[in-house]
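Q: What would the 3D arrangement of this be:
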Amino acid sequence: MSSRTRDLDGLISAKDAGDRSVAGLLSALAEAPDFTSAASFLLAQVLDVADAERGHMLRLDAAQETLVSVASLGYDASPPRATISVSDLSNPLVLCAMTLAPAAGGGRSSIRAFVSLAQWTALPMPQPRVRGTLPALPLARAQELLGDGEVRLLEAAERRLASAPGGVVVIEGAVSERAMASLTSLVMLAGPIIARLGSLQEGKETIDRLSQQRDRLTLMVDSLPDPVVITNASNDIIAQNSRAERLLNAKEGDSTGRRRAIELNNLLFTSFLAKAVMTGGPQSGARELNLVDPDEGNDLLFEVLAHPLAERVGPEDAVLSVLRDVTDLRRASNELERQVQRVRLAEMKATSERDRLNLILENVADPILVTDERANIILMNEQAERLFQASETQQRSRRQLQAVRGNDMKFTSFVSEFALLDASSRRERTALVHPVSGNELPVEVVSGKIQNERGEPIAIVSVLHDLTKEVEIQRLYETLKTMNSELEERIRAATADLAEQNARLQWQSQEVERANRLKSEFLASMSHELRTPINALIGYSALLIEGVLGEVNDRQRDALTRGRAAAEHLLALINDILDLAKIEAGKMPLHVEEVSLRDVVSEVAQQIEPMVRKKQLEFVVDIGTDCPVLYTDRTKVRQVLLNLLSNAAKFTNRGRIAVVARCAASGEGVRVDVVDTGIGIREKDLQAIWEDFRQVDQSRTREYGGTGLGLSITRKLLDRLGGSVTVKSSYGEGSMFSVVLPLRSPIHAGDDTTISVTAA
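A: Residues are numbered from 1 along each chain as shown. Alright, predicted model coming up:
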């Protein structure tokens, strides 16, 4: 016997002076410190009255519908542990407990859970009848189940009106009729107390478990980087996490400036909540809120995501507001926009200067050449090409090629010598050979250096004057000198400016490309962090709607349904943006496997069926029997078809939607046509619909929502799969999107591709 049992036994002896009356027993049970002690004490008293050495107590778990061991006495080794299903009506212990009638038996096979009891007596233990308790089994039914055997049901004690099966006490050995009457009465009276103690213990364990869950949830909310605030209908703050307290709660010892910043934040937040209620409620969508950092004094920009809660606080519903800090994101967006504008201006200016330079070079009659500091020709006009370059379209003789090489050698030698000199320009006469006629061509070479801001030569501009007609040269000398001087200055300025603009344009282009790449990589890597909070909101909303966390009324269910729908819509928008970012960042892998087009279309049809049924549209699926198995990415094919069918259902209010799949005309793939009788697309908009974030109706009052990424992502996914998509549409009559999928998606070197050989 345990020490607790001996203590309680001593307590009974002290109270009743050795009189083991029923009243004393019940009083001792009520004063027991816990359920285990009370069960052991009652079992000890039963064994004492029955003059038995070993016994076992099993309690009925109504939730699991099983008899579970709770106490054992008289076993030297480890006591037996049993779990018996109440549906096993062949077990005499189950019949004893469910009929509330004592039972006795013999033979080692009569009780399978306690094979060591050769002869035994079972006493039923009742409990108060409450919701969830099991009904008692009729005695006649139990007699039929037992039949003629070693086990027999004894005369049952009078059942109380509010009694229900609660358990059974098993005693080793036979019990006299006189002791049986006392034991039955004793167990029937003590059973409800034991059941109450068991319920109290389960309640305490439930309270402890809920307290731990509450502490974990509080720690999770306080660990969030974003401020979280719960307000009531009067816009009073009911609860907030530590991040929100830093912005909205003042503490003792705070400076005057910090207190003023916190007061301003409270005024701004209260005004925002009041304005949100006036403009359609907090669930109308994300809004922007400007606050002040109490520690640094900087302006902070938050995106407020407000959701109504299921629990009622006061007379109105409470609202959960999550403040997401988008200060750095907005600053980066503005800076990126300014950089793009500067790049566009630079491109326009560079294009203008380049056109001016080309116009000058094309309209100068003399050969003009621009060389770098190593005397390599980087630019020349058409006249210079005749002297220094072999034509690719016109076949030249060996003599002409030798003339071209000789001219190039002389000019290169001249420019190389000039590059070594400190002079900025050089004028010298030399003789070249005309490649066509073979005649000597006396020319005057006038060269000038183009220098950077440090005075270093970066290019040399050379003009070759024809001196064949000396008289004409002398007559035009003064004019040509003036023109040459002006041309050198203009070319020097234009070239220097062009070089500077090109360098700036190249740097800005690299910065824009880097910013865009970082943006795509950031969004692609943040898919889990962006999706997880929204999935949590959708999950908790579903739990509340289904009543898992408590009953909700119709008004609360409506609010939860709206909040869940808004979260699912937001998740769909974020999924589109994250898919686009993954594709642009090159983080969209392929999982190639055998795919049955019929199975994929069936899955998509099941998803799109609620939208079609809601609009009462006719939905037709026609898959050709000759469609082969595709080796491609099943998920991406499914997403392509789902995007096209979702668009068809969105823009079709009457008529029908059809999916037709046939082998492609070339025999190298499958063609899938998605045909609808919707609003159609104007011919001028057939190219614009494939652009990112582009919708045909871009107005603020447009009828159809969405991100404008569905068709863009569809085309990019098909490019990744090696397929294509085209569209034919008649405005006001409907559209047909045609997708061509190859039999086997191409796999390129370096692709993050998984190949599965599992048959579809």
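Q: Report the buried residues of stretch 133-150.
A: 133-134, 136-137, 139, 142, 145-146 (16 or more other C-beta atoms under 10 Å). Placement of C-beta: from N, CA and C, glycine included.
Q: From one end of it to the other, what's the distance?
A: This stretch, stretch 133-150, spans 30 Å end to end (C-alpha to C-alpha, to the nearest Å).
Q: Strands along the stretch 101-250 of the chain, start to end?
A: Remark: strands assigned in the stretch 101-250 of the chain by DSSP state E, counting those that start in this stretch are 103-106, 119-128, 152-153, 163-172, 228-231, 237-240.
Q: For the stretch 101-250 of the chain, which segments count as helices?
A: 139-146, 177-223, 242-248 (DSSP state H, counting those that start in this stretch).
Q: Give me the distance from the strand ranked longest in the chain to the chain's centre.
A: In the chain, taking DSSP state E as the definition, the longest strand is strand 299-313. Averaging C-alpha positions (C-alpha atoms, centre = their mean, to the nearest Å) puts strand 299-313 20 Å from its chain's average.
Q: Tell me the helices and strands packed up against it.
A: helix 256-278, strand 287-292, strand 316-325, helix 327-362, helix 554-585 (3 or more C-beta pairs under 8 Å, 6 or more residues apart in numbering; DSSP states H and E).
Q: Just tell me which of the ones you listed ends up closest to residue 119.
A: The closest approach between residue 119 and any of the helices and strands packed on strand 299-313, judged by C-beta to C-beta, belongs to helix 554-585 at 59.5 Å.
Q: After that closest one, which helix or strand is next?
A: Reading on from helix 554-585 to the C-terminus, the next helix or strand found by DSSP states H and E is strand 590-595.
Q: packing partners for that next one?
A: strand 630-633, helix 634-650, strand 753-755.
Q: Which neighbours in the sheet does it have, and how are they oriented?
A: According to DSSP bridges, strand 590-595 forms sheet pairs with strand 630-633 (antiparallel), strand 753-755 (parallel).
Q: And the following helix or strand past it, how far out from the chain middle?
A: Per DSSP H and E, the first helix or strand lying C-terminal to strand 590-595 is helix 597-614. Its chain's C-alpha centre and that of helix 597-614 lie 23 Å apart, by C-alpha atoms, centre = their mean.
Q: can you give me the angle helix 597-614 makes with helix 634-650?
A: 30 degrees (axes from the mean of the first three to the mean of the last three C-alpha atoms, to 10 degrees).
Q: so the helix or strand that helix 597-614 is followed by versus helix 597-614, what angle?
A: The helix or strand immediately downstream of helix 597-614 is strand 618-623, counting by DSSP H and E. Orientation check (the same axes, to 10 degrees): strand 618-623 against helix 597-614 gives 180 degrees.
Q: Contacts made by strand 618-623 with the rest, please.
A: 597-598, 601-602, 605, 608-609, 612, 655-661 (C-beta atoms under 8 Å, 6 or more residues apart in numbering).
Q: And those, which of them are buried?
A: 597, 601, 605, 608, 612, 657-661.
Q: could you pull out the strands for the stretch 651-760 of the chain?
A: 656-663, 669-676, 724-730, 734-742, 753-755.
Q: Give the buried residues for the strand or helix carrying residue 23.
A: If you go by DSSP H and E, residue 23 is part of helix 22-30. By 16+ other C-beta under 10 Å, the buried positions in helix 22-30 come out as 24-26, 28-29.
Q: ok, now stretch 483-491?
A: Quick answer for stretch 483-491 (16+ other C-beta under 10 Å): 484, 487-488, 491.
Q: Likewise for stretch 406-414?
A: Residues of stretch 406-414 classed as buried by neighbour count (16+ other C-beta under 10 Å): 407-408, 410-412, 414.
Q: Using TSV, lay out those residues together with distance to residue 168, secondary structure and pLDDT.
A: Formatted as TSV, the buried residues of stretch 406-414 follow (distance: C-beta to C-beta, whole Å; DSSP: H, G, I helix; E, B strand; the rest coil; pLDDT from 0 to 100):
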residue	distance to residue 168	secondary structure	pLDDT
407	118	helix	83
408	113	helix	82
410	120	helix	83
411	116	helix	83
412	113	helix	83
414	118	helix	83
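Q: Adding distance to residue 301, write those out as JSON lines.
A: Output for these, formatted as JSON lines (distance: C-beta to C-beta, whole Å):
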{"residue": "407", "distance to residue 301": "66"}
{"residue": "408", "distance to residue 301": "63"}
{"residue": "410", "distance to residue 301": "68"}
{"residue": "411", "distance to residue 301": "63"}
{"residue": "412", "distance to residue 301": "62"}
{"residue": "414", "distance to residue 301": "64"}
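Q: Among those residues, pick out the one closest to residue 207, please.
A: Minimum distance to residue 207 across those is 95.1 Å, recorded for residue 412 (C-beta to C-beta).
Q: The closest one contacts residue 372, doesn't it?
A: No. Counting by C-beta atoms under 8 Å, residue 412 stays clear of residue 372, with 11.8 Å between them.
Q: give me the number of residues near residue 417?
A: Residues contacting residue 417 under the criterion other C-beta atoms under 10 Å number 12.
Q: what do you get for the one 3 residues further on?
A: By the other C-beta under 10 Å criterion, the neighbourhood of residue 420 contains 6 residues.
Q: what's the distance between it and residue 374?
A: 12 Å (C-beta to C-beta, to the nearest Å).
Q: swap in residue 437?
A: 32 Å.
Q: and what of residue 94?
A: Taking C-beta to C-beta, one finds residue 94 at 102 Å from residue 374.
Q: Looking at these two, which one has more neighbours?
A: Ranked by neighbour count (other C-beta under 10 Å), residue 94 and residue 374 place residue 94 first, with 24 against 9.
Q: Give me the residues contacting stretch 630-638.
A: Against stretch 630-638 from outside (C-beta under 8 Å, 6+ apart): 590-595, 597, 600, 603-604, 669-670, 717, 720-721, 741-745, 760.
Q: one more time with 7 Å, if that's ok
A: 590-595, 597, 600, 603-604, 670, 717, 721, 741, 743-745 (C-beta atoms under 7 Å, 6 or more residues apart in numbering).
Q: picking that back up, quick one: which of the strands of the stretch 101-250 of the chain is nearest residue 733?
A: Of all the strands of the stretch 101-250 of the chain, it is strand 228-231 that lies closest to residue 733, at 50.7 Å by C-beta to C-beta.
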